[in-house]
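Student: Could you work out the structure for the sequence below:
(2 chains)
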Amino acid sequence: MVKFIAGRLALAVLIMLGSAILSFSILTLAPGNAAEAILSAERADDPQLAEVESFMERHGLNNSRLIRLSQWLHMLSKGNFGISLRTGEPVAEEFRARFPATFELAASSMALAIIIALPFGVISAVKQNSILDNVIRFVALWGVSMPNFWLGLLLILCFGVILGWFPTYGSGSIVHLILPTITLGTSMTAILMRLQRASMLEVLNENYIRTARAKGLHEVLVIGKHAFKNTLIPVVTIIGMQFAHLLSGVVIVEQVFAWPGIGHFLVDSINARDYPVIQGFVLIIAFFFVLSNLIVDILYAFLDPRIRYGRTQ
Amino acid sequence: MLLHITNKKDRLAVLGMIILLLLTFIAILAPYIAPYDPVELNLTQRLLSPSIKHLLGTDSVGRDILSRIIYGTRISLMIAVIVVIIEVFFGVVVGTAAGYFGRAVDEIIMRLADILLAFPGIILALVIAGLLGSSIMNLIIALTSVGWVRYARVVRGSILSIKKEGFIESARAIGCSNLRIASRHILPNIISPVIVLATLNMGTIIISIAGLSFLGLGVQPPTPEWGIMLNEGKPFMESAPHLMIFPGLMIMITVLAFNFLGDGLRDILDMRINDIVEY
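Tutor: Predicted coordinates:
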């Protein structure tokens, strides 16, 4: 167990280091001179050569890539992600200020997905091939096929513009949260529903279910206690992994609803070529990914005795 | 596959296949079936509702929406197919190398894959497309640089499991040549998961293309593309909702068709859902 967790931790650290290097190298993709792009974005006219030179000198852009990379890693090790060119605030601060809004949206979407997907996934599996199962499966397939930005626009049109029940943009209250939550939660619900159904079907074929039925256990107990509990491992895994995906999936949804979160700020920063913000945000999001995968792995070890007692495949 | 048509799920797969064939014809024959020029402005015919003359109406600068949607099919399918081909190529090459050589090579490649997968795909694509500048070429680069990893993983997994199976040894024992083993025994086992993944992936890619273009980071106007049409229609939502309804409907139908087909194929080829759920 300790060995397993230690191995996962070491891997996580390695991946984080790799992501730091990758996020650094993303910037070398930008065509032309970054300093020139930044300076001309700040003002309307083209910058003078001398200005570009002094800017590059000030930000250490003349140094070799390796030196800049080690400076970047050194900065990161102190928890410093750089300063936004647009706002002059530290990137970490900008992230922290916008994270709660994004988290609120992601968490409510996930809650919606779990509440709907788990019961319907189980029903769908238990009543396999019934009309209800077919309807649920079709709805799930439709849910994964629906582009969320279009769903968002349709919801705005229907419930915001025509019916006028909900505000169409902005944040701050429960009513603001409803349409974005449905928009973001739909595909999550569909994915989770399909997974819950699939793992339930798999478990229902197991011998211990036959045993439970054979000893005369009530069907509700068979499904609820013996089957459902054992589907939780893959489902929890996907929930953990998808939660991090939700944090990133908000990018487009935030744009549609003018939701003041990290995705909205990231897109604005890409358009403004605010390099430190792009670099920092992508890296922080990657850290969240790695962290949530790590938590899922460890949780997995606790849930699955085969891993807990060190009998890994 | 046709033998299984009686099965309900396979009927959906066949439906998906028919829709996709139809869309392919629309894409190829676009210049012959589009009633108008998709980029020609006609300021006297702005924001018209659907009518006999313009079946799906016109947009804010008088372009015929039906014609733009027809040409949009061409753009979306073309980009998605190119992206999938490149992804499959790199995925199969890298995945085979990892699975075949094993040990250190495998370890290094898979850890690199882990790093790449640590970045949420759409965000990385967004950043790459944004930094490179918006064009179809850069959109393809952005999507493929993230997407090939999943294929590499699947191919590697299949090769590892094939290595364990006895049938390769049996084939060798009865005197099959290496070429025959590779082409008749190993390749078919890699190909089916790759085909399923690619089919389901097409849907995701089409959504990504439209999404990035919707944000202004993909295909650029005035190219007729579904995501751009949605973005251009958004301000006219109240007065002319048809501007954003039809392009979105088209995206949904296309993605649904790929998912119908992919789901059916997966069942026929008997793959577990876990392999495709991670996106």
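Student: From residue A:187, how far off is residue A:200?
Tutor: To residue A:187, residue A:200 is 20 Å away according to CB to CB, to the nearest Å. In this view, the C-beta of every residue, glycine as well, is placed from N, C-alpha and C.
Student: Run through the residues that contact the residue in the stretch 51-200 of chain A positioned nearest to chain B.
Tutor: For the stretch 51-200 of chain A, the residue closest to chain B is residue A:150, as judged by CB to the nearest CB, at 3.5 Å. Shown in contact with residue A:150 (CB atoms under 8 Å, 6 or more residues apart in numbering or on different chains): B:230, B:244, B:248, B:251, B:252.
Student: what two of those are the furthest from one another?
Tutor: B:244 and B:252 (12.4 Å; CB to CB).
Student: Comparing those two, which residue is more hemmed in?
Tutor: Neighbours per residue (other CB atoms under 10 Å in any protein chain shown) separate residue B:244 from residue B:252, with residue B:244 holding more: 24 against 20.
Student: and the helix or strand where residue A:20 lies, anywhere near chain B?
Tutor: Taking DSSP states H and E as the definition, residue A:20 sits inside helix A:2-26. Yes - Helix A:2-26 is in contact with chain B by CB under 8 Å from any CB of the partner chain, via A:11, A:14, A:15, A:16, A:18, A:19, A:22, A:26.
Student: And that helix, what does it pack against?
Tutor: Other helices and strands packing on helix A:2-26, by 3 or more CB pairs under 8 Å, 6 or more residues apart in numbering or on different chains; DSSP states H and E, are helix A:65-77, helix A:275-303, helix B:103-118, helix B:121-132.
Student: out of the ones you listed, which comes closest to residue B:12?
Tutor: helix B:121-132 (26.7 Å).
Student: can you pull the buried residues of the helix or strand just after that closest one?
Tutor: As assigned by DSSP H and E, the chain's next helix or strand after helix B:121-132 is helix B:136-164. Applying a neighbour-count criterion of 16 or more other CB atoms under 10 Å in any protein chain shown, one finds B:136, B:138-159 buried in helix B:136-164.
Student: Now do the contacts for residue B:96.
Tutor: Residue B:96 neighbours (CB under 8 Å, 6+ apart): B:155, B:156, B:159, B:190.
Student: Okay, buried residues for the helix or strand hosting it please.
Tutor: Element membership of residue B:96, judged by DSSP H and E, is helix B:65-101. Across helix B:65-101, burial judged by 16+ other CB under 10 Å covers B:65-77, B:79-80, B:82-84, B:86-88, B:90-92, B:94-99.
Student: Measure how buried the closest residue to residue A:304 other than its chain neighbours is and give me the count.
Tutor: In this structure, residue A:304 finds its nearest non-sequential neighbour in residue A:233, 5.9 Å apart by CB to CB, 6 or more residues apart in numbering or on different chains. A total of 14 residues lie near residue A:233 under the criterion other CB under 10 Å.
Student: Phi, psi for residue A:260 please.
Tutor: Dihedral angles of residue A:260 (phi, psi; degrees, to the nearest 10) stand at phi -80, psi 60.
Student: I meant to write residue A:84 there.
Tutor: phi -70, psi 130.
Student: Which residues are in contact with the closest residue to it other than its chain neighbours?
Tutor: Closest residue to residue A:84 apart from its sequence neighbours, by CB to CB, 6+ apart: residue A:277 at 4.9 Å. Applying CB under 8 Å, 6+ apart to residue A:277 gives the contacts A:84, A:85, A:86, A:91, A:94, A:265, A:266, A:269.
Student: Who wins on neighbours among those residues?
Tutor: That'd be residue A:266 among the contacts of residue A:277, by other CB under 10 Å, with 29 neighbours.
Student: Assign that one to helix, strand or coil.
Tutor: Put simply, residue A:266 is helix when judged by DSSP: H, G, I helix; E, B strand; the rest coil.
Student: Need the max-distance pair from the contacts of residue B:96.
Tutor: B:156 and B:190 (9.7 Å).
Student: Please flag which of the contacts of residue A:150 sit within helices.
Tutor: Among these, the residues falling in helices (DSSP state H) are B:230, B:244, B:248, B:251, B:252.
Student: ok, residue A:15 touching residue B:116?
Tutor: No - at 9.7 Å, residue A:15 does not count as touching residue B:116 under the criterion of CB atoms under 8 Å.
Student: Next, the residue sitting nearest the centre point of chain A: phi, psi?
Tutor: Centroid check for chain A by CA atoms, centre = their mean gives residue A:245 as the closest residue, at 2.3 Å. With angles defined as degrees, to the nearest 10, residue A:245 sits at phi -70, psi -40.
Student: my guess is residue A:166 contacts residue A:180, does it?
Tutor: No - the pair residue A:166 / residue A:180 is not scored as a contact, 9.7 Å apart, by CB under 8 Å.
Student: Thank you kindly, that will do.
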